[in-house]
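1. Quick one: sequence plus predicted model below, questions after.
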Number of protein chains: 2
Amino acid sequence: MSLTCETCPVRDSAACSVLTEEERNELARAGRTRHLSRGETLFTAGDEDTACATLVSGALKITAYDEDGNERILALIHPTGFVGEMFAPFPAHDVVALTDSQLCVFARADMTRALEQHPALTRALLRRSQEDLHLARKLLALGSGFGANEQVSKLLLALAQAASDSPCHPRLQFELPLTRGEMANMLGVTIETVSRVLTALERARIIERKGARGIDILDPARLENFS
Amino acid sequence: MSLTCETCPVRDSAACSVLTEEERNELARAGRTRHLSRGETLFTAGDEDTACATLVSGALKITAYDEDGNERILALIHPTGFVGEMFAPFPAHDVVALTDSQLCVFARADMTRALEQHPALTRALLRRSQEDLHLARKLLALGSGFGANEQVSKLLLALAQAASDSPCHPRLQFELPLTRGEMANMLGVTIETVSRVLTALERARIIERKGARGIDILDPARLENFS
DNA sequence: CGGAGATTTGAATCCACTCAAGTATTGTGG
DNA sequence: CCACAATACTTGAGTGGATTCAAATCTCCG
């Protein structure tokens, strides 16, 4: 399926938005849209045929595996996010869909060429890359938020933030894109601990759970300082 | 002090190495060298007069502070590394010298202009940025290397790697650029725990300590799998 | 040589983990 | 559409490793 930028929900905010209409159309000819269902893999660490992609809708995770085969989640990608290696010969990590997702995929060679032809696109990607760096470091800061209570609380807030359209306020009612196992994994704690903290938060009437994944934040202020 | 690229130890590997001699000289006219002693700050989160810099020699840390004022180390910068905000209005984190360091500093406006004039420089910085991203994620993966023993061992290896000139083999004898407190901080454990692990490693004759900071790695293989 | 800061070491406590069992949710085939 | 199986999640009890608190020792700079 080829690209239809006209109706793209991220046409004004993704990296390609810095291009002129004409340039964008040219780039679009090289790209393809792709749908991934939850759990499907975009590419795997070490893959030969490297691709790059902008996420249009849904959510992705970037994962690595330690020597014992344990998964480790390194990053979450949200719409407008960009994934893929432009310089290394092959991707270092796996990229997997967390929810049904819509992507805009380019062959690496085409993307490399586009970078050479459009300096503005390179600058836009540099900007994105720096943002990714900030996000990775934010996640790093989360990692040692001392107690498990604090870590889970802050992860919840971060996810609420990410689920929100508004860049600054968290969404108070949303569906977790992550399983308990994935949350535990991101924080370096066990599934049981995450579960217990959520139960405690609910009992303290700071959140409410709707089924396994639905979250209502009742008291954002107390969530912030829960320990 | 103005720049003397001719004798710069990173002239062939820093981002500016992609420029022609002529272009580089032009950029050099905008830059200044700067020396930082251990503990000195390059810039602070929220600073007005944003600067960018390439690290020529020494080592830096990028740090954030949580609401209680606890320091959190987000990244280590080694020679050829680049720090500074090019897009955000002000830096998000503090940058502090871990050891005496030599830098090559540019005003943000000059760097922005250089990016517009030299697409190759932008590409080089994009590449660096992606490398930084990989490093941040590697650190993230370190974060939950299960036991404290494993975490400290792997941090030691990472530091030995960074101290090495060769890109692939660790240096077996080097000085830690970090205090116990800084190591503890990076791993989300306590100072005492780091100290105990080092003692255990020494008793197992896997490493040897020379004073408070000197490290000899006697048995890299066993260090790798210490648990 | 002195003294401040950094590091090491020890003992007791506590929080998160492990192990285990039960409950809810999701997805699939009849 | 329902029943069932598979998977995800919750909850409980007991254990262990890292923390906390406290004190001794080491290092390094002036």
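-> The structure has been received and is ready for your questions. Numbering: from 1, shown residues only, chains lettered A, B, ... in the order given.
2. Only C-alpha atoms from now on, for both contacts and neighbour counts.
-> Will do.
3. need the helices for chain A, in chain order.
-> Ranges of helices within chain A are A:21-30, A:108-117, A:119-143, A:148-163, A:180-187, A:191-203, A:220-224, based on DSSP state H.
4. how about JSON lines for the ones you listed, with distance to residue A:10, mean pLDDT and mean neighbour count added?
-> As requested, the helices of chain A are exported to JSON lines (distance: least, CA to CA, whole Å; pLDDT from 0 to 100; neighbours: other CA atoms under 10 Å in any protein chain shown):
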{"stretch": "helix A:21-30", "distance to residue A:10": "13", "mean pLDDT": "92", "mean neighbour count": "14"}
{"stretch": "helix A:108-117", "distance to residue A:10": "18", "mean pLDDT": "94", "mean neighbour count": "16"}
{"stretch": "helix A:119-143", "distance to residue A:10": "14", "mean pLDDT": "95", "mean neighbour count": "21"}
{"stretch": "helix A:148-163", "distance to residue A:10": "15", "mean pLDDT": "95", "mean neighbour count": "21"}
{"stretch": "helix A:180-187", "distance to residue A:10": "27", "mean pLDDT": "96", "mean neighbour count": "21"}
{"stretch": "helix A:191-203", "distance to residue A:10": "33", "mean pLDDT": "97", "mean neighbour count": "16"}
{"stretch": "helix A:220-224", "distance to residue A:10": "29", "mean pLDDT": "95", "mean neighbour count": "16"}
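5. okay if I get these as CSV plus distance to DNA strand C?
-> Formatted as CSV, the helices of chain A follow (distance: least, CA to the nearest atom of the strand, whole Å):
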stretch, distance to DNA strand C
helix A:21-30, 32
helix A:108-117, 32
helix A:119-143, 11
helix A:148-163, 4
helix A:180-187, 8
helix A:191-203, 5
helix A:220-224, 15
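6. out of those helices, nearest to residue A:43?
-> Taking CA to CA as the criterion, residue A:43 comes closest to helix A:108-117 out of these, the separation being 12.5 Å.
7. between the helices of chain A, which one is nearest to residue A:42?
-> Distances from residue A:42 to each of these were compared using CA to CA; the shortest belongs to helix A:108-117, at 13.7 Å.
8. nearest residue to residue A:4 other than its sequence neighbours?
-> Closest residue to residue A:4 in three dimensions, ignoring its sequence neighbours and counting by CA to CA, 6 or more residues apart in numbering or on different chains: residue A:28, at 7.8 Å.
9. Next one: the one you found from residue A:112, what distance?
-> Counting by CA to CA, to the nearest Å, the separation of residue A:28 from residue A:112 is 14 Å.
10. show me what contacts the most centrally placed residue in chain A?
-> Centroid-nearest residue in chain A: residue A:77, 1.5 Å away (criterion: CA atoms, centre = their mean). Taking CA atoms under 8 Å, 6 or more residues apart in numbering or on different chains, we find residue A:77 in contact with A:55, A:59-62.
11. so residue A:115 makes contact with residue A:121?
-> Yes: counting by CA atoms under 8 Å, residue A:115 sits close enough to residue A:121 to count as a contact (6.1 Å).
12. just to revisit the earlier point, most surrounded residue in the contacts of residue A:77?
-> Neighbour count (other CA atoms under 10 Å in any protein chain shown) singles out residue A:60 as the most crowded of these, with 28 neighbours.
13. Burial check on residue A:18, number of neighbours?
-> 18.
14. you'd agree it is up against residue A:121?
-> Yes: under the criterion of CA under 8 Å, residue A:18 makes contact with residue A:121 at 6.5 Å.
15. Get me the contact residues on chain A for chain B.
-> Where proximity means CA under 8 Å from any CA of the partner chain, the interface of chain A facing chain B comprises A:64, A:72, A:74, A:87, A:116, A:119, A:122-123, A:125-127, A:129-130, A:132-133, A:136-137, A:139-141, A:143-144, A:146, A:187-188.
16. what's the closest non-adjacent residue to residue A:170?
-> Take residue A:170 and drop its neighbours on the chain: the residue closest to it by CA to CA, 6+ apart is residue A:161, 4.1 Å away.
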